[in-house]
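Asker: show me the folded form of this:
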Amino acid sequence: PNKLAIWGESSGGNIAASLTHLLRDKDLNIIRHQTLIYPMVDLSHDFPSKKEYAHGYLLDITFINYLEDMVFSAGKYRKDGLASPLQNLNFKQLPPA
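Answerer: Coordinates of the predicted model:
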């Protein structure tokens with residue numbers, strides 16, 4: 001328990017970041033480090049980069065929107081801290097990233 005780390009890339013980074021918040025809130029501070037590789041940590045905002053890099057890259061915006069719509073009906077829950085870890089209000093006592 002003193003050496004546990006978690007990592008993820010893209011949506012896996014989202015899950016890893018969310019999990020550290022969830023575990024901390026349940027007083028289960030067992031994760032000592034998190035490695036987040038280009039995590040999707042805020043699904044609730046339409047950042048300029050989403051438009052600038054919407055087409056011609058590995059993840060096309062049409063496909064991303066399709067995936068998000070499968071999970072979040074009509075945008076519901078996108079602002080929830082488990083879906084968008086940056087929307088959490090408390091970042092204290094989280095493992096270093």
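Asker: look up how far Gly56 lies from the residue nearest the centre of the chain.
Answerer: Against the mean C-alpha coordinate of the chain, by C-alpha atoms, centre = their mean, the closest residue is Asn14 at 2.3 Å. According to C-beta to C-beta, to the nearest Å, Asn14 and Gly56 sit 23 Å apart. For every residue, glycine as well, the C-beta is placed using N, CA and C.
Asker: that older thread, name the nearest residue to the residue nearest to the centre of the chain, sequence neighbours excluded.
Answerer: With sequence-adjacent residues excluded and distances taken as C-beta to C-beta, 6 or more residues apart in numbering, Asn14 is closest to Met40, at 4.7 Å.
Asker: I figured the one you found hits Gly8, correct?
Answerer: No. If you go by C-beta atoms under 8 Å, Met40 and Gly8 don't touch, sitting 10.0 Å apart.
Asker: joint contacts of the two?
Answerer: Overlap of the contact sets of Met40 and Gly8 (by C-beta atoms under 8 Å, 6 or more residues apart in numbering) consists of Asn14.
Asker: just the strands in the chain please.
Answerer: 5-9, 33-37 (DSSP state E).
Asker: for the first one, list every residue counted as buried.
Answerer: Within strand 5-9, the residues that count as buried by 16 or more other C-beta atoms under 10 Å are 6, 8.
Asker: need the contact list for the residue nearest to the centre of the chain.
Answerer: 8, 39-41, 43, 83, 85.
Asker: adding mean pLDDT, write the strands of the chain out as JSON lines.
Answerer: As requested, these are exported to JSON lines (pLDDT from 0 to 100):
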{"stretch": "strand 5-9", "mean pLDDT": "96"}
{"stretch": "strand 33-37", "mean pLDDT": "96"}
